[in-house]
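Colleague: this is a predicted model, with the sequence first.
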Amino acid sequence: MAQDITILLEEWGRGDKTALDRLAPLVYPQLREIAGAYLRRERGGHTLQATALVSELFLKLMTRREPHFESRHHFYSLTAKLMRMALIDHARLAKAGKRGGALFPVPLHDEIPWVDAGGEQMVDLDRALDELAELDPEQAQMFELRFLIGHTVDEVAEILGTSKSSVDRKVRLGRAWLFQRLHDAEGREPAP
């Protein structure tokens, strides 16, 4: 099946409009899993469901002018980023409507409790990740795979073809850099 996905991604990249239709059932389970992982980190009572998030993703994919993907990993990384952006847009709209109310912060991940998964910190995190990607693309990619998509250190090492110790080191450095960057952006110290 992995080879089928790669072939369909190549066909889609060459302009075959039907390739996405054939690709969708093959990638849907993994995309649904990624969407579910994102939504589990959101506040309780979130109005967006995993199925709706994946549907929104497919709408964005259908409008891509030049759908070129270097690999399945590149495809899944991009789709995870598109989902994250959709959640950020959703959070912005919700915040514009409510302005917080009695909501309580929910950490994005146990290892980064200083980022509220449902708050404006996700917007700041997205900007900071873009900055980190300019400085060290591999480090940003490792952080995204580990904390946003939810892969284990072993899985990240396997996906990127590197050692577990390299992933551990780069993720630690990336987490520290992002903590400092978000701290500087807020002008106050985030809770550790």
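Modeller: Sure thing, it's come through.
Colleague: would you map the helices across the protein?
Modeller: 2-13, 19-40, 50-62, 72-98, 121-135, 137-143, 153-160, 164-186 (DSSP state H).
Colleague: out of the ones you listed, which one sits most buried?
Modeller: helix 137-143 (a mean of 20; mean count of other Cβ atoms under 10 Å). Using the backbone N, CA and C atoms, a C-beta is placed for each residue, glycine as well.
Colleague: related to what we said a few turns ago, make TSV out of the helices of the chain and add mean pLDDT.
Modeller: Listed next are the helices of the chain as TSV, based on pLDDT from 0 to 100:
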stretch	mean pLDDT
helix 2-13	85
helix 19-40	86
helix 50-62	82
helix 72-98	75
helix 121-135	82
helix 137-143	89
helix 153-160	87
helix 164-186	85
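Colleague: these two touch, right, Lys81 and Glu144?
Modeller: Yes: with contacts counted by Cβ atoms under 8 Å, Lys81 reaches Glu144, the gap being 7.2 Å.
Colleague: contacts only, for the nearest residue to Leu20 once chain neighbours are set aside.
Modeller: Once flanking residues are discounted, Leu20 sits nearest to Trp12: 5.5 Å by Cβ to Cβ, 6 or more residues apart in numbering. Applying Cβ atoms under 8 Å, 6 or more residues apart in numbering to Trp12 gives the contacts Ala19, Leu20, Leu23, Pro67.
Colleague: try 10 Å
Modeller: By Cβ atoms under 10 Å, 6 or more residues apart in numbering, the contact list for Trp12 reads Thr18, Ala19, Leu20, Asp21, Arg22, Leu23, Leu61, Arg64, Pro67, His68, Phe69, Phe75.
Colleague: Arg40 and Ala50: what is the separation?
Modeller: 9 Å (Cβ to Cβ, to the nearest Å).
Colleague: got the contact list for stretch 127-144?
Modeller: Contacts of stretch 127-144 (Cβ under 10 Å, 6+ apart): 73-74, 77, 80-81, 84, 88, 112, 115, 121, 125, 147-148, 151, 153, 156-157, 159-160, 162, 166-175, 177-182, 184-185.
Colleague: start to end distance for it?
Modeller: Stretch 127-144 has an end-to-end distance of 13 Å (Cα to Cα, to the nearest Å).
Colleague: quick one, phi psi at Thr162?
Modeller: phi -130, psi 180 (degrees, to the nearest 10).
Colleague: for it, what are its contacts?
Modeller: Taking Cβ under 10 Å, 6+ apart as the definition, contacts of Thr162 comprise Glu138, Met142, Val156, Lys170.
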